[in-house]
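Student: The following block contains a protein sequence and its predicted model.
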Amino acid sequence: MGQIAKRNHLLINVNGETIKVSGEEAFLPLAQFLRNTLHKPGTKVVCAEGDCGACTVVTATLRQDGWPPLRAINSCIAPVYLFDLSCIVTVEGMKHAESLSEVQNKMREFHGGQCGFCTPGMVCSMAQLAEDCKESKQEVTEKKARNYLTGNLCRCTGYEPILKAATNLDLNKWESLAARYLTSALTAHFQSELHAGIEITSENKKLYMPTTLPEAFQIKAASKQVRLVAGATDLGVLINKAKTSLQEILVLNKISGVHAVNGSAHGILIGAMASLTDVENFVKSAHPELKRLLHIFASPQIKNQGTLLGNILNGSPIGDSIPALMVLDAEIQLQSVRGARTVKLNDYYKGYKVFDKAEDEIATGIFVPALKGNYLHRYFKVSLRKDLDISAVTCAIVLKLEGTNISEARVAMGGVGPTVTRMPSVEAHLVGKTFNEMTFTTAGSLASGSIKPISDLRASAEYRHLVTENLFKKCFHEMQAELSSPMEVLCP
Ligand SMILES: Cc1cc2nc3c(=O)[nH]c(=O)nc-3n(C[C@H](O)[C@H](O)[C@H](O)COP(=O)(O)OP(=O)(O)OC[C@H]3O[C@@H](n4cnc5c(N)ncnc54)[C@H](O)[C@@H]3O)c2cc1C
Ligand code: FES
Ligand code: FES
């Protein structure tokens, strides 16, 4: 089979119309492209950092195994190049045959908008809710509506009318966006382009989207400037707010298998481009405590776009997934033209944003080994708000009990030093002790004594010390409750 020619443009379908995008426009934030280039001003930009949801659009990108579900994302921080062979539906695409969609009708009927700035984003998130509920034949409950709208802020209407609009949706009247937009003609067109890699050059930027890992390793080895971009939920904020400029960009999106999450008796292998939502869905029954943590991670839009690997590789000391993956003894898989190796996550962070990763290495996945036996898990995220907030302190504790004795202990904490870290002295203290409140109180004091937190915008050092002590007590009470009534605690 001959080499398939690379494209120097993207193909994107917006509200049913396929558009070729090349040059500088491929590097714009999607919201800017929709508003200024395509003249679709329904998509609003307010915060430009993924927080408010005004810029929400609904999208799916064709893969070798077909279309994944359409999902809401924040278009303000997502660069256009991530949407090659994607279908994007904006608020302008919600109406059908000149009639408003069911979501828009219910927003109007229940007075879900005042100034209207948040409304297009609300409509798009609610469209995903309608789409998912119709597909899975489930009712739109208030709990579901609140979850789907977590990433949409409204500053003048108030949420009651918006929630009423959502819970009064008549799904029989909702015309599926997938049926309307993911047509067989679009699928056939995009499938014919699926195997072509992409290289786009603008005045001062270069984009590489290879179709195989060996090509990606070559590209990474050829220039120190090359930066991996996954979901861009960290990088997009830096580009918008810190004016970070990426000159050479490598995206693994078009490589087969990178989005996969696979489970076996040995553990779970999570691909480099697996979204946080895909991981959350996958671990639902296999690891309810990890599911619970991911449930309170960011917003649906961020989790639909952002990857688990991105969270780990960004290496923030308050990255929420890191303590849990550390106590699970997860291993990062790194690869380059020189070969492959695995690094235990526990050994990966060498200092603030200093990693055990060579310049030319790419992370291809993370393996989370299965824990066999009776383990208790608690993962904590302490933040001012439950939803869509950055943590002040994070903590993960895994224990194995033999009778009333702790036979194994694993503890990791974040937000209390320059990196997330395991706490060997606390683990050593716990092992061999009786599972009771006194053991945990002493462990909390020990943990508090061994951390060196700073005071910053999110919390004072003093608060972080106090929270550390209290988390161990909380952990004891929650684990004790779990022992007497497992399902109640694991599936709140
Ligand atoms: C509004 C908002 C809310 C958020 N809430 C939370 C939260 O609650 N908890 C939390 O922990 N985080 C949160 N984040 C941060 C962010 O969403 C996560 O860290 C996310 O997992 C990053 O993934 P990404 O795919 O978007 O990474 P990107 O931004 O694409 O990349 C992040 C880093 O990883 C590197 N990288 C990515 N893939 C690879 C690879 N394969 N090999 C080598 N390097 C790679 C990139 O070069 C970059 O340095 C939030 C962000 C926003 C904007
Ligand atoms: S403009 Fe606020 S999330 Fe995009
Ligand atoms: S209607 Fe004004 S912000 Fe929501």
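Tutor: Happy to help now that I have it. Just so you know, these numbers come straight off a predicted model, no measurement behind them. Ligands and ions are numbered 1, 2, ... in the order given.
Student: Now do stretch 30-47: everything it contacts.
Tutor: 14-15, 19, 21, 25, 28, 48, 52, 54-57, 75-76, 78-80, 82-83, 88, 90-92, 117-118, 120-121 (C-beta atoms under 8 Å, 6 or more residues apart in numbering). Any C-beta I mention is one placed from the backbone N, CA and C, and that applies to glycine too.
Student: measure Thr233 to Gly306 for me?
Tutor: 4 Å (C-beta to C-beta, to the nearest Å).
Student: Now list whatever residues contact both of the two.
Tutor: Common neighbours of Thr233 and Gly306 (C-beta under 8 Å, 6+ apart) are Ala298.
Student: Rounded mean pLDDT for the helix or strand hosting Val426, please.
Tutor: Using DSSP states H and E, Val426 sits within helix 424-430. What helix 424-430 shows for mean pLDDT is 98.
Student: hang on, the earlier thing: drop anything exposed from the contacts of stretch 30-47.
Tutor: Buried members of these, scored by 16 or more other C-beta atoms under 10 Å, are 14-15, 21, 25, 28, 48, 52, 54-57, 75-76, 78-80, 82-83, 88, 90-92, 117-118, 120-121.
Student: what about the most centrally placed residue in the chain, which SS state?
Tutor: The centre of the chain sits closest to Lys303, judged by C-alpha atoms, centre = their mean, with a distance of 3.0 Å. With DSSP: H, G, I helix; E, B strand; the rest coil as the basis, Lys303 sits in helix.
Student: what's near enough to touch it?
Tutor: Counted by C-beta under 8 Å, 6+ apart, Lys303 has contacts Ser275, Leu276, Thr277, Glu280, Leu294, Phe297.
Student: sorry, back to before: so what does the helix holding Val426 touch, helix or strand wise?
Tutor: Here helix 424-430 touches strand 405-414, helix 437-450, going by 3 or more C-beta pairs under 8 Å, 6 or more residues apart in numbering; DSSP states H and E.
Student: What residues sit buried inside the last one?
Tutor: The one in question is helix 437-450. Thr439, Phe440, Ala443, Gly444, Ser445, Leu446, Ala447, Ser448, Ser450.
Student: And the spatially closest residue to the first one that is not a sequence neighbour, how close does it get to Cys395?
Tutor: The one in question is Thr439. Spatial nearest neighbour of Thr439, excluding adjacent residues (C-beta to C-beta, 6 or more residues apart in numbering): Lys433 at 4.3 Å. For Lys433, the distance to Cys395 equals 18 Å [C-beta to C-beta].
Student: and the helix or strand containing Phe380, what other elements does it pack with?
Tutor: Take DSSP H and E as the rule and Phe380 turns out to sit in strand 375-382. Where contact means 3+ C-beta pairs under 8 Å, 6+ apart, strand 375-382 is packed against helix 288-295, helix 321-327, strand 393-402, helix 461-484.
Student: so can I have CSV of those showing mean neighbour count, mean pLDDT and distance to ligand 2?
Tutor: Below are the helices and strands packed on strand 375-382 laid out as CSV (neighbours: other C-beta atoms under 10 Å; pLDDT from 0 to 100; distance: least, C-beta to the nearest ligand atom, whole Å):
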stretch, mean neighbour count, mean pLDDT, distance to ligand 2
helix 288-295, 20, 95, 20
helix 321-327, 27, 98, 21
strand 393-402, 23, 97, 23
helix 461-484, 17, 96, 28
